[in-house]
Every structure is written in C-alpha cells, then in structure tokens.
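K.L.:
no sequence on this one, just coordinates:
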Ligand code: HEM
Ligand SMILES: [Cu+2]
C-alpha cells in the first residue's frame, strides 16, 4: 500500500511539475487549456484522495498505533485487508477514468472539473467525471471502514492500565481523525452518488435548468471536505507531539490540552464549512456566522503550538532529522494556518477567493503541515520499522532543500494572488510572470529535495547500519519491543502501562522496561 501511495504521490508531483513548466512564461507553451484543466484535476484528485487522506492513517496508523497502545494488531485485521483492496479498486477506477476507449483509439479524457467536482459544470462536461466520482466513492468507503476499525481498536485493545490520558498523542490524533472518517465521509459519499445519478438520469438536484441548486452541491461537498482537512492534519499534529518531547528530552507541556484540542478541532471542523462559499451565494447572516465560527479553529490550534514551544523551552534539543522536519513544520504550518485566518474574514476572502492566495494557503497547510510531518514520521519511525538507519547528513540536506523549495514555490503566490492572479488558469498577464518564475524554480528545488530524501531512505533500508532497539531514547511503547523491526505479533506479552507516555527526568527517560515481563522495573 505504501508503495502504491508513494507511486501516486510521484505521479501527482510530476503533473504539478508539468503545470509549473507550462506556467513558466505567459501564453501557451506545450499544453492547451483543456489539458491543463485535466492536469490540475489529476494532481488534486491523486494528492487528496489517493495520498494525503489515506496517507498517515495507513502508513503509521496501522503499524505504529497498535504498538503504541500495546495491542497485537488492529481490532479487525480482515476488515483492514478489505479496505486495502477497496483502496486498490478505487485507484484502478481512477486510473481507467484517465482514458477514453473510443473507436479511434486511446485518448486522454480525465475529469477537468478540479478535485471539487462543482456542479453544474461537472454535470455538463464531456470528460470522464462519472468514473472519477465512482473512484472517490470507493475510496470513501475504505476511509469509513478504516475509521471504524481504529475507533474499536483504541477503545477495546488498549493495554491494561492505559487510560485515555495515558495514550501517546499520536493515538489521540488518530482517534479524533477516526471519528471524522466515520461520521463525515458518508456525507460526501451521498453527494457523489447524487452527482452520479444527476449525470446519468438528470434527476434535477444540482442542475438549475431542472430546478436544482448548484450551491447545494458546494454545501454538501464542504460539509465533508472541510472536516477532511482536519482529518489530514490531526494525525500529522500527532506525529509532531511524539517528536517534540523525544527530541527535547522533556515531558510534553500540557498533555491534556493537546489531547483535548485534537478532539475539539475535530468537533469545530464540522461547523465551519461555509467559509468555502463566501462568494457562492449565501445570506449575510450565514456568512457572518461561518466566518465567526471559523476563527474558533485557531484557538485549539494555537494551544498546540504554545504547548510544543513550551515543551522545547529549557529542553535539551537534539537536532536530528525528525526534529528538523518538525521544527520546519512549525514555521510552514504557522504560515498556512494564519493565512487561513485571513481568508476566514469575509471582506478579505471576497477579494482573495479562487486566487493564488488560497492556493498558497492550502499548500502551506497541506504540504508544509501534513506532508512535512509525514516525512518527519518516516524519519522518526524508520529505524523501528526497518531496524536500520539512513544517512543523517543526507537527510538533513533533503530537509533544507524541501524547506527552501516550499517557500520559493508558494510564497510568491500569496503576492500574485493578492494582486489578482486567479487560480486554475493556464495563461496569465505579463505582470505575473516573475511570480510564476520564482515558483518554477522552487518547484525544481523541492523536486530535487524529494528525490534526495527518497533515495536516502531507500539506501538506508537496503544497506543502512543496524539502528538498535531505541535509537532516539523514546519512551512510548512502540519502542519497547524485543526486536527491531518488531516481531509479527508485536509485544511478546500484553504490557502493563501505569505510566505517562513521555516521562523524562534531567534529559533521560524515566521508565525502564523489562521485555520479558512487559512491566516497568525502575
Ligand atoms: C487555522 C486553520 C485554518 C483556517 C482558518 C482555514 C481557512 C480556510 C478558508 C477560509 C478557506 C477558503 C479559501 C477560499 O476559497 O478563498 C480555506 C481553503 C482551504 N483550506 Fe484552509 N484553513 C485552515 C487550515 C487548513 C488546513 C489544516 C488544511 C489542510 C490540511 C487546509 C486546507 C484547505 C484547502 C484544501 C482549501 C481550498 C479548497 C479549494 O478551494 O480547493 N486549511 N481555508
Ligand atoms: Cu475549510
């Protein structure tokens, strides 16, 4: 599954590179407008539905989360297997929608609607929207069942002694996410089915020509897709909360507030979707309420940032690559989150909606938040999963390339967007050229950074040095295994957990663990 995900990730990165190349100068270079529309749709659909939403839960939720709570596996391993196949089927359907099999031969015909499939355009376009909708539906099923599996696992399989407030914070992140997967995804499932029915049978729900309402589509879509952006970020924040205390050698500051803020972000996430519709037609009172509610998201997010920084304060900071990725993310996600607050203001958003400003916002939030932390997690748990170590120097170089790249690539877009550069256009006025060119250079830098990172990890996996059992001196249960990588059924015995997840004293882990009895011995 990981292999599939990273392959798709590379496909989506490549499409993005092509788009950046096209946009390097005004006018058409090598794509026409229709191809460009398909390119950004392909990029968005893959990144969101095939990589970022399933990414952290599938990569770390399945492997690390059970270890962290002392379970042998998730509650329903077969259901897990089933969701894996649903994912594969969804991917295959998405791939078939790339092509048109007509009498004249093979033809590219991917949806050209953007990843949001807005009606009424998605109902009228001749591209393969239906197959793409079906693919998204199947992937949604996989997401719902994964959420169910995680919820039951966390409720039922925690080690004896581990109450909710002794769980590692990554588990809290997965827990909050699982509720979103279970409760919000059905909404988008229904929306997609309605869109398919509308397209096939013209039932007249979204099509204004038949008395339907296209804005209804946007409401239904964002009722899921706004919670979905928190679904992406919460497990990522969980990774941050693991790395910060371990590499500061300090107990995390405000454990409970971090845990509960995950839950409250998940909750608030359900009631702010209207901020995507400020320019689509809503009553003024509705706009005001959605704007007001959106600001509330900043409170629990701010609390987390405060706690992370307070943890590092007076800590013994060890600047290894996982920590470097985490620290970089504190900066990039802060830019993503705070610019989100600026467009939660109705007046500003009327001007900035559907410009490069919003593109820059969500790329800082998603790449500079979710994906960077996913990479942080890859470096952090790499020795746990492979038993080996990558080259630390190269890992650092890869981080710096990515960090410089993201800023070169997206910071100019804030300015271009502010001056009025609309998103999703394949051509632009000459005055925007400079921003596109800086972005183009940034894209190359990121591309090189990603390549270096993946090659380094692959090389480490193949012939890295033995990492030892607990190279980071971490305190959570996943590092308390008899072997590295962990044996098939995880811990040899059910551990007894009567301690908090991050106990450090004078920079040293407090809890000593006996792998035979699976109890603390200090
Ligand atoms: C404090 C946190 C955040 C706030 C206040 C916020 C606010 C907003 C607002 C108001 C918009 C609408 C922009 C427009 O269309 O003009 C928006 C768009 C978006 N945000 Fe955020 N956001 C936040 C965090 C995030 C996070 C964490 C993610 C993802 C991990 C994210 C992903 C997105 C996406 C994908 C869009 C654009 C969707 C599209 O039109 O294609 N945001 N955000
Ligand atoms: Cu939103």
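P.N.:
Noted; the coordinates are in hand. Since the structure is predicted, the reported quantities are computational estimates derived from the model, not experimental observations. Ligands and ions are numbered 1, 2, ... in the order given.
K.L.:
nearest residue to the closest residue to ligand 1 within the stretch 401-522 of the chain other than its sequence neighbours?
P.N.:
With Cβ to the nearest ligand atom, the shortest gap between the stretch 401-522 of the chain and ligand 1 falls at residue 423, namely 8.1 Å. C-beta: built from backbone N, CA, C; applies to glycine. Leaving aside its sequence neighbours, residue 423 sits nearest to residue 359 (Cβ to Cβ, 6 or more residues apart in numbering; 5.0 Å).
K.L.:
and the pLDDT for the one you found?
P.N.:
pLDDT, residue 359: 92.
K.L.:
wait, it sits on residue 413?
P.N.:
Yes: Residue 359 is within contact range of residue 413, at 5.6 Å (criterion: Cβ atoms under 8 Å).
K.L.:
circling back to that earlier point, pretty sure the residue nearest to residue 423 sits in a strand.
P.N.:
No: according to DSSP: H, G, I helix; E, B strand; the rest coil, residue 359 belongs to no strand; its state is helix.
K.L.:
which residues does it contact?
P.N.:
Contacts for residue 359 (Cβ atoms under 8 Å, 6 or more residues apart in numbering) come out as 410, 413, 417, 423.
K.L.:
can you give me the strands in the stretch 351-500 of the chain?
P.N.:
388-389, 465-466 (DSSP state E, counting those that start in this stretch).
K.L.:
buried deepest among these, which one?
P.N.:
Most buried of those, by mean neighbour count (mean count of other Cβ atoms under 10 Å): strand 388-389, with a mean of 18.
K.L.:
could I get the full set of strands for the stretch 51-200 of the chain?
P.N.:
According to DSSP E, counting those that start in this stretch, the strands that the stretch 51-200 of the chain contains are 99-102, 105-108.
K.L.:
touching, the residue of the stretch 401-522 of the chain closest to ligand 1 and residue 353? I think so.
P.N.:
No: using Cβ under 8 Å, residue 423 is not in contact with residue 353, being 9.4 Å away.
K.L.:
when the two are compared, which one has more neighbours?
P.N.:
Between residue 423 and residue 353, counting by other Cβ atoms under 10 Å, residue 353 is the more crowded of the two (20 against 17).
K.L.:
tell me the phi and psi of the residue lying closest to the more buried one once chain neighbours are set aside?
P.N.:
Residue nearest to residue 353 in three dimensions, not counting chain neighbours: residue 279, with 4.8 Å by Cβ to Cβ, 6+ apart. With angles defined as degrees, to the nearest 10, residue 279 sits at phi -110, psi 10.
K.L.:
in contact with residue 279, which residues?
P.N.:
Contacts of residue 279 (Cβ under 8 Å, 6+ apart): 349-350, 353-354.
K.L.:
of the residues you listed, which is the most crowded?
P.N.:
Neighbour-wise, the contacts of residue 279 (other Cβ under 10 Å) top out at residue 349, 22 neighbours.
K.L.:
in which helix or strand would I find that residue?
P.N.:
helix 346-352 (DSSP states H and E).
K.L.:
who touches the residue in the stretch 201-350 of the chain positioned nearest to ligand 1 in this structure?
P.N.:
Relative to ligand 1, the nearest point of the stretch 201-350 of the chain is residue 340 (2.5 Å; Cβ to the nearest ligand atom). Taking Cβ under 8 Å, 6+ apart, we find residue 340 in contact with 297, 361, 365.
K.L.:
related to what we said a few turns ago, confidence-wise, which of the strands of the stretch 351-500 of the chain is weakest overall?
P.N.:
strand 465-466 (a mean of 84).
K.L.:
that one pairs with which strands?
P.N.:
Taking DSSP bridges as the criterion, strand 465-466 sits next to strand 388-389 (antiparallel) in its sheet.
K.L.:
can you tell me what sits against the strand it pairs with?
P.N.:
382-383, 460-461, 463-467, 471.
K.L.:
now, of the residues you listed, which are buried?
P.N.:
382-383, 460, 464, 467 (16 or more other Cβ atoms under 10 Å).
K.L.:
Throw those into JSON lines and include distance to residue 5, thanks.
P.N.:
Output for those, formatted as JSON lines (distance: Cβ to Cβ, whole Å):
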{"residue": "382", "distance to residue 5": "16"}
{"residue": "383", "distance to residue 5": "21"}
{"residue": "460", "distance to residue 5": "19"}
{"residue": "464", "distance to residue 5": "22"}
{"residue": "467", "distance to residue 5": "23"}
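K.L.:
helices - which of these land there?
P.N.:
382-383, 460 (DSSP state H).
K.L.:
ok, these vs residue 493, which is closest?
P.N.:
residue 383 (22.9 Å; Cβ to Cβ).
K.L.:
gap between that closest one and residue 485?
P.N.:
9 Å (Cβ to Cβ, to the nearest Å).
K.L.:
still on that earlier bit, quick check on the residue of the stretch 201-350 of the chain closest to ligand 1: phi, psi?
P.N.:
According to degrees, to the nearest 10, residue 340 has phi -60, psi -40.
K.L.:
if we can go back for a sec, turn the strands of the stretch 351-500 of the chain into a markdown table, columns for distance to residue 444.
P.N.:
What follows is the strands of the stretch 351-500 of the chain, written out as a markdown table (distance: least, Cβ to Cβ, whole Å):
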| stretch | distance to residue 444 |
| --- | --- |
| strand 388-389 | 29 |
| strand 465-466 | 32 |
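K.L.:
is any residue of the longest helix seen in the chain near ligand 1?
P.N.:
For the chain, the longest helix by residue count, based on DSSP H, is helix 214-248. Yes: Helix 214-248 reaches ligand 1 (Cβ under 6 Å from any ligand atom) through 229, 232-233.
K.L.:
other SSEs contacting the helix or strand following that helix?
P.N.:
Tracing the chain C-terminally past helix 214-248 and defining elements by DSSP H and E, one meets helix 255-268 next. Helices and strands touching helix 255-268, as assessed by 3 or more Cβ pairs under 8 Å, 6 or more residues apart in numbering; DSSP states H and E, comprise helix 169-201, helix 214-248, helix 284-312.
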